[in-house]
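[1] Structure, please.
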Amino acid sequence: MEKKRPEIDIVNEVLESCILAYPVSSFVISLYKQYLQRGSLSKKQLQGLYGKAVKIEGLAPGKLATLEALIKKMATRYKSEMPDNEPLYRKDSASGKMIAAILAKYPLHKRALFLKSKYDNNETLTVLEITDLKRLQQVLK
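    Sure, this is the predicted structure:
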């Protein structure tokens, strides 16, 4: 965050007055240390500081208004909703029907049994395997 006038630092002044008002507050002390190290605070940290500063009597309302303006100026980040869980593989019912029709006529057909095991284990059938199924179905008609 770029400071417009380096001699006026409202966040630092509010932090110092909060430390004087709450000398044993670990929250305020940690905010002060982070501000000294990084030179800025996140929006949520500033909101927490504002909540503490509002309770202090004798703090200039202009400082609170400036801190509130800084908070409103900062961007708010929203998390998007998690997508619904969908299965990675959806069984193709047409392939299942073709495999069942082939195995109904020839229950020991090795290629059809292999494709049925892949289909039952939710493995994707490749384009070549699907064309094999269609070819087998046409031959058996």
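[2] Got the phi and psi for Ala60?
    With angles defined as degrees, to the nearest 10, Ala60 sits at phi -60, psi 130.
[3] How is the chain partitioned into domains?
    Using automatic domain parsing, the domains assigned to the chain come out as 10-73, 93-140.
[4] what ranges of the chain fall below the confidence cut-off?
    By pLDDT under 70, the weakly predicted segments of the chain are 1-6.
[5] what would the domains of the chain look like in a markdown table with distance to Ser80 and mean neighbour count?
    Yep, even glycine has a C-beta here, placed from its N, CA and C like the rest. Converted to a markdown table, the domains of the chain look like this (distance: least, CB to CB, whole Å; neighbours: other CB atoms under 10 Å):
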| stretch | distance to Ser80 | mean neighbour count |
| --- | --- | --- |
| domain 10-73 | 18 | 15 |
| domain 93-140 | 29 | 14 |
